[in-house]
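> how would this look folded up:
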Amino acid sequence: MPTTKPNPKFAEELSKLNKKLNFMSVINSSANGKSLFSVKDNLCVKGFESRAGSKILSGYIPPFNATAVQRMLDSGYEFVGKTVMDEFGFGSFGTNTDIVAKNPFDETRVAGGSSSGAAVATAVIKNHVAIAESTGGSISNPASFCGVVGFTPTYGTISRYGLIDYANSLDKVGVMGRRAADIRAAFDRIKGADNYDSTCSDSKISSTPTKKLMIIEQLMKGIDSKVLSSFDLLLSKMQGMGYKVEHASLDIIDKAIPAYYIISMAEASTNLAKYDGYKYGEQGKDFTKKYNDFFCDARSSFGIEAKRRIVLGTFVRSASVKDKYYIKALKFRTALTSKLSSILKDSFLISPTMPTVAPKIDEAAGLSLIKAYSMDSLTIPPNLSGLPHISFPCGYANGMPIGAQLISSHFNDYALLDFVESWEKSFKYEFKYNL
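Got it, this is the predicted structure:
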């Protein structure tokens, strides 16, 4: 657990920096800078507004803590604040919300999504870990763009109790930190079975090493030259450390993006159905209206991306096309998981984390939906398969960080942390702020 002397002016300094970078929606004014952790806005913290980046949940104050939050508090960590995010986790840039976090390396650039605020908080607060969540790359993506380490564990190793869901079969609570050792300390405290979450596993987590790094050729298409240059340098260093780099072809992986969006949108539309203005979400006031009118008014607070995913998700699970899209996507996920698990029996999978450095905020806004959704092409496969993966800084281009992603077999999570800790002995991370 990170430790340092308390700083009585910490909350004041944090508030000042937050006005500049917009990474926290709520700040705990009593935080003093000792053993800190932040919490992504879709995880409940008792007594603090938790709205998952959505206006429809404005004013929601949970009466309980998420299991991961409670375990951090029980371990002596101090809660510092809620970090901003894309609405319900819908986005790759942190821009699908009313509070847009700015990249700490360049304020004109995105921080990544959907855990944008978590990555920024990690990049600017030195004595801190961020509890975040990933569905299709929401930890690795912003970790890469903001130059921090982002760890997404095997699906089910950390309880999802207290998480405001995006897609139940894909959501994974994880950790961001400036060092793998800080992540390990937090992971040790929050992992493990939970009576409140039937999908949470008590399986033993291993640390089985391997000296083989596998690159899937299909994942290397469309990578920016600056990213490729840093990645190639990483591979050269790894070879110097005794690792063997091999290439493999896996045609099936090209269908991971459409399969992911079919499954995630179907589950998202189901999860968001409860925000009907009666019991959950913004409360309606005119009860003389017909149900459909009342329902539509209550859901008007959803952002455009949330509405889009509700419509598409409802369509793909409708009776007329369910077998054609949703069931087929589920079968694909099973096949992809089997293929990747076979490769990972004696190797790690390695790739860049993102195909580019963080784009400008206005550039991201101008991308087509297909290009925006494709930004997570490298992070979706492990998330779709529930595999543990970690993003870590491997280089810098014109002052902007570049991340590499390492994937391991199910429940071999500690091997990833071991790998990054070894890498950190010969590579110096850079940070612009040290609050």
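> now the strands for this structure?
24-27, 36-40, 78-83, 102-103, 106-110, 128-134, 149-152, 172-177, 212-216, 244-248, 348-352, 389-397, 400-407 (DSSP state E).
> Keeping just the C-alphas, turn the first one into PDB.
Translated: strand 24-27. Provided in PDB are the C-alpha atoms of strand 24-27 (Å, rounded to 0.1, in the frame of the first residue of the first chain):
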ATOM      1  CA  MET A  24     -13.200  14.300 -10.900                       C
ATOM      2  CA  SER A  25     -16.900  14.800 -10.500                       C
ATOM      3  CA  VAL A  26     -16.800  14.700  -6.700                       C
ATOM      4  CA  ILE A  27     -13.800  15.400  -4.400                       C
END
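> Buried ones in stretch 48-61, by neighbour count?
Phe48, Ser50, Arg51, Ala52, Gly53, Ser54, Lys55, Ile56, Leu57, Tyr60 (16 or more other C-beta atoms under 10 Å). From N, CA and C alone the C-beta is placed, and that goes for glycine too.
> Show me what stretch 305-322 is in contact with.
Here stretch 305-322 makes contact (C-beta atoms under 8 Å, 6 or more residues apart in numbering) with 54, 86-88, 90-91, 96, 261-262, 264-270, 272, 299, 302, 325-326, 329.
> Among these, which are located in helices?
Tyr261, Ile262, Ser264, Met265, Ala266, Glu267, Ala268, Ser269, Thr270, Leu272, Ala329 (DSSP state H).
> Out of the buried residues of stretch 48-61, which is nearest to Tyr161?
Nearest to Tyr161 among the buried residues of stretch 48-61: Ser50, at 13.5 Å, using C-beta to C-beta.
> who touches the closest one in this structure?
With C-beta under 8 Å, 6+ apart, Ser50 has these contacts: Asp41, Asn42, Leu43, Cys44, Leu57, Tyr60, Ile61, Pro62, Lys82, Ile164.
> now the helices for this protein?
Using DSSP H, the helices of the chain run over 10-21, 67-74, 116-124, 140-146, 180-190, 225-240, 256-272, 291-298, 304-316, 328-343, 361-365, 369-374, 380-384, 413-424.
> Could you look over the ones you listed and pick the most buried one?
Comparing these by mean neighbour count (mean count of other C-beta atoms under 10 Å), helix 140-146 ranks first with a mean of 35.
> who's in contact with that helix?
Residues contacting helix 140-146 (C-beta under 8 Å, 6+ apart): 92, 94, 103-105, 109-116, 118-120, 122-123, 134, 149-150, 152, 176, 352-354, 357-358, 375-376, 379, 389-393, 401-403, 405.
> Please state the offset of that helix from the chain centre?
9 Å (C-alpha atoms, centre = their mean, to the nearest Å).
> With stretch 183-195 instead?
Centre-to-centre, stretch 183-195 and its host chain are 17 Å apart (C-alpha atoms, centre = their mean).
> what does stretch 330-344 give?
Offset of stretch 330-344 from its chain centre (C-alpha atoms, centre = their mean): 21 Å.
> mind saving the C-alpha coords of that stretch as CSV?
Output of stretch 330-344 as CSV, limited to C-alpha atoms (Å, rounded to 0.1, in the frame of the first residue of the first chain):
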residue,chain,number,x,y,z
LEU,A,330,-22.4,-15.4,-28.3
LYS,A,331,-21.3,-18.4,-30.3
PHE,A,332,-18.5,-16.4,-31.7
ARG,A,333,-17.3,-15.3,-28.3
THR,A,334,-17.1,-18.9,-27.2
ALA,A,335,-15.0,-19.8,-30.3
LEU,A,336,-12.7,-16.8,-29.9
THR,A,337,-12.1,-17.5,-26.2
SER,A,338,-11.2,-21.1,-27.1
LYS,A,339,-8.7,-20.0,-29.8
LEU,A,340,-7.1,-17.4,-27.6
SER,A,341,-6.9,-19.7,-24.7
SER,A,342,-5.1,-22.3,-26.8
ILE,A,343,-2.4,-19.7,-27.9
LEU,A,344,-2.0,-18.5,-24.3
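> Now do that stretch, average pLDDT.
Here stretch 330-344 scores 98 as its mean pLDDT.
> With stretch 96-109 instead?
In this model, stretch 96-109 has a mean pLDDT of 97.
> buried set for that stretch?
By neighbour count on 16+ other C-beta under 10 Å, the buried set for stretch 96-109 is Asn96, Thr97, Ile99, Val100, Ala101, Lys102, Asn103, Pro104, Phe105, Asp106, Arg109.
> Out of these, which comes closest to Ile183?
Pro104 (18.7 Å).
> Mind pulling the model confidence for the residue nearest to the closest one when sequence neighbours are not counted?
Closest residue in space to Pro104, ignoring its immediate chain neighbours: Ala123 at 4.5 Å, by C-beta to C-beta, 6 or more residues apart in numbering. Predicted confidence (pLDDT) for Ala123: 98.
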